[in-house]
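Asks: here you go, sequence then predicted model.
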Amino acid sequence: MTVAFAFALPSPLLAIQAARGGDRATAPALQVPAATIDACRRGERAALEEVFRTYAPALERLVVRLVGPGADAQDLLQDTFAAAIEAFPRFRGEASVRSWLHRIAVHVAHHELRRPRRREIAIDDGDALAPAGGRADAQLAGAREAERLYAHLGKLDARKRIALVLYVIEGCSVAEIAALMGASQTATKSRLFWARRALLASLRRDPAFAGRGDQP
């Protein structure tokens, strides 16, 4: 039995959820023929290219959201595809190809976030987000707010961060996140709880988000 899970989100996360979350619900259900998947298992190049062309846009969006601004999306996408090519002979169809590729992309993003030399965006406490004027200013302010929020997310443990981004921005359920991360639902709920708690504590110390982190 699947147990419902929900909690109040910090308002900066709600803003990103509102701006980005709709594309998952409206995206068409992409599929490739079973014969193409069989050909991928045999390593046939044309079939592999067809699968990658089909799923590349969604995979690129996923890895960028997980890793954040400044991510080298093409490199991460190539790493995802390279891992998929190596693993395709062992793919038995227990999950959809889309879910299987997304799980590989999550693994690639996790590896990237754990790299010791990776540098997150620095937070300048004196650089509060300026009020926006026109539409262009609003877009710039929104981009700067997203970067600042990702700097706070960068303080989280990689697994907690990935779980929170999948839950909030990708709109995944606890069961979906558990499957993508190879974890139990209990562990996933715990990661979400502690990720939200740590993010709230970090946001409260940032003058740009002062008074906004606690809002449901």
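Replies: Good, I have the coordinates. Numbering: from 1, shown residues only.
Asks: list the buried residues of the one helix or strand residue 109 maps to.
Replies: Residue 109 is part of helix 97-113, with elements assigned from DSSP states H and E. Within helix 97-113, the residues that count as buried by 16 or more other C-beta atoms under 10 Å are 97-98, 100-102, 104-110, 112-113. C-beta here means a position set from N, CA and C on the backbone, and glycine is covered the same way.
Asks: other SSEs contacting it?
Replies: When contacts are defined as 3 or more C-beta pairs under 8 Å, 6 or more residues apart in numbering; DSSP states H and E, helix 97-113 packs onto helix 45-67, helix 73-87, helix 158-168, helix 174-181.
Asks: switch to 10 Å and redo it
Replies: Using 3 or more C-beta pairs under 10 Å, 6 or more residues apart in numbering; DSSP states H and E, the elements in contact with helix 97-113 are helix 34-41, helix 45-67, helix 73-87, helix 158-168, helix 174-181.
Asks: what mean pLDDT does the second one have?
Replies: Averaged over helix 45-67, pLDDT sits at 93.
Asks: check which residues of that helix are buried.
Replies: So, applying 16+ other C-beta under 10 Å, buried residues of helix 45-67: 47-48, 50-52, 54-55, 58-67.
Asks: one more: the fourth one?
Replies: Taking 16+ other C-beta under 10 Å as the basis for neighbour counts, the residues of helix 158-168 that come out buried are 158, 159, 160, 161, 162, 163, 164, 165, 166, 167, 168.
Asks: and what of the last one?
Replies: Buried positions in helix 174-181, judged by neighbour count with 16+ other C-beta under 10 Å: 174, 176, 177, 178, 179, 180, 181.
Asks: which strands and helices sit next to it?
Replies: Right, helix 174-181 is packed against helix 97-113, helix 158-168, helix 185-204 by 3+ C-beta pairs under 10 Å, 6+ apart.
Asks: what's the closest of these to residue 148?
Replies: helix 185-204 (9.5 Å; C-beta to C-beta).
Asks: send me the closest one as CSV with only the CA atoms.
Replies: This file holds the C-alpha atoms of helix 185-204, laid out as CSV (Å, rounded to 0.1, in the frame of the first residue of the first chain):
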residue,chain,number,x,y,z
GLN,A,185,10.2,4.6,0.6
THR,A,186,11.0,4.9,4.3
ALA,A,187,14.5,6.2,3.5
THR,A,188,13.1,8.5,0.8
LYS,A,189,10.7,10.1,3.2
SER,A,190,13.5,10.6,5.8
ARG,A,191,15.7,12.2,3.1
LEU,A,192,12.9,14.6,2.1
PHE,A,193,12.1,15.5,5.7
TRP,A,194,15.7,16.3,6.6
ALA,A,195,16.4,18.0,3.3
ARG,A,196,13.5,20.4,3.8
ARG,A,197,14.5,21.1,7.4
ALA,A,198,18.1,21.8,6.4
LEU,A,199,17.0,24.0,3.5
LEU,A,200,14.7,26.0,5.7
ALA,A,201,17.5,26.6,8.2
SER,A,202,19.8,27.9,5.5
LEU,A,203,17.1,30.1,3.9
ARG,A,204,16.4,31.8,7.2
